[in-house]
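A.B. asks: coords below, sequence missing:
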């Protein structure tokens with residue numbers, strides 16, 4: 001892994017993670033981890049099971065409060081958001097960080113379209129004057145409601161689910177549900193989209209569709225993407241930047257090519273003898 005010179009994701013980061021540490025009692029799950037997420041990048045966080053990936057993810061999205069460290073989001077060049085000080089609601093609504101989950105969390109009894117409208121409840125609530133505008137039929141709420149429907153339908157068109165807009169979300173095939181969950185997150189108009197193992201359970205065709213969708217989001221919508229993923233074919237194909245954790249520590253940080261060939265990463269994933277491990281640790 002190359003250490004010399006400024007890295008592209010360090011020159012204009014949307015997110016800076018500095019000295020992040022998370023302890024649970026006597027267990028240190030994340031130990032002094034620092035990295036940046038580039039404003040126009042797809043950034044992957046990888047590592048063996050138990051490496052601390054989900055803990056990092058949950059700190060960024062507000063589900064955990066870090067024991068130590070700073071998480072600074074600079075979405076638009078204005079005042080930065082210090083995520084470690086915000087609730088998960090504020091991180092989503094104000095800092096405009098959206099996330100998906102490893103286990104799909106759609107509303108299965110609601111329609112496909114309704115799932116995307118629910119994601120826009122903050123905008124609709126403000127437009128309604130927190131219900132009074134909706135009750136009185138004010139024009140501002142009507143326009144906001146139509147805009148919400150238009151945005152939802154445009155995303156359904158992009159993921160190929162517009163013909164199924166009025167069907168129950170729970171009846172969709174698994175791969176369609178994955179894409180719908182990503183579309184729902186995008187309906188919050190995020191600056192940073194955090195995806196927790198988006199390729200989990202997908203077949204090769206569905207993974208290809210996912211790759212295309214994520215690349216389009218990055219290139220067309222200008223949304224930075226930060227993901228945890230175990231499918232290395234997805235990570236190495238679409239990522240601009242890969243960070244590797246092992247036992248809560250960062251062991252590599254670079255391009256997919258850098259990481260793929262890093263002996264410490266190979267050792268972490270494949271395991272080595274004690275003698276080989278000591279030789280690796282002795283390397284500069």
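C.D. replies: Yep, it's here. Just so it is clear, the model here is predicted, and its values are computed rather than measured.
A.B. asks: shaky segments in the stretch 151-284 of the chain?
C.D. replies: Scanning the stretch 151-284 of the chain for pLDDT under 70 picks out 270-284.
A.B. asks: all helices of it, in order?
C.D. replies: 174-186, 204-220, 232-238, 256-260, 263-270, 274-282 (DSSP state H, counting those that start in this stretch).
A.B. asks: Could you break this structure into its assigned domains?
C.D. replies: 1-96+190-284, 106-189 (automatic domain parsing).
A.B. asks: Serialize these to TSV and add fields for mean neighbour count.
C.D. replies: In short, each C-beta sits where N, CA and C put it, glycine included. Formatted as TSV, those follow (neighbours: other Cβ atoms under 10 Å):
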stretch	mean neighbour count
domain 1-96+190-284	17
domain 106-189	17
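A.B. asks: Look up how far residue 192 lies from the nearest residue to residue 116 once chain neighbours are set aside.
C.D. replies: Of all residues not flanking residue 116 in the chain, residue 152 sits nearest, at 3.6 Å (Cβ to Cβ, 6 or more residues apart in numbering). Residue 152 is 21 Å from residue 192, where distance means Cβ to Cβ, to the nearest Å.
A.B. asks: Likewise for residue 147?
C.D. replies: For residue 147, the distance to residue 192 - Cβ to Cβ - is 23 Å.
A.B. asks: Could you do residue 199 as well?
C.D. replies: Going from residue 199 to residue 192 by Cβ to Cβ gives 19 Å.
A.B. asks: What sits closest to the residue sitting nearest the centre point of the chain if chain neighbours are left out?
C.D. replies: Centroid-nearest residue in the chain, with Cα atoms, centre = their mean: residue 194, separated by 1.0 Å. In this structure, residue 194 finds its nearest non-sequential neighbour in residue 99, 4.1 Å apart by Cβ to Cβ, 6+ apart.
A.B. asks: Settle this for me: the one you found is touching residue 61, isn't it.
C.D. replies: Yes: here residue 99 reaches residue 61: they are 4.7 Å apart, a contact under Cβ atoms under 8 Å.
A.B. asks: who's in contact with the residue nearest to residue 28 when sequence neighbours are not counted?
C.D. replies: Of all residues not flanking residue 28 in the chain, residue 248 sits nearest, at 5.8 Å (Cβ to Cβ, 6+ apart). Residues counted as contacts of residue 248 (Cβ atoms under 8 Å, 6 or more residues apart in numbering) are 28, 29, 30, 31, 33, 51, 52, 55.
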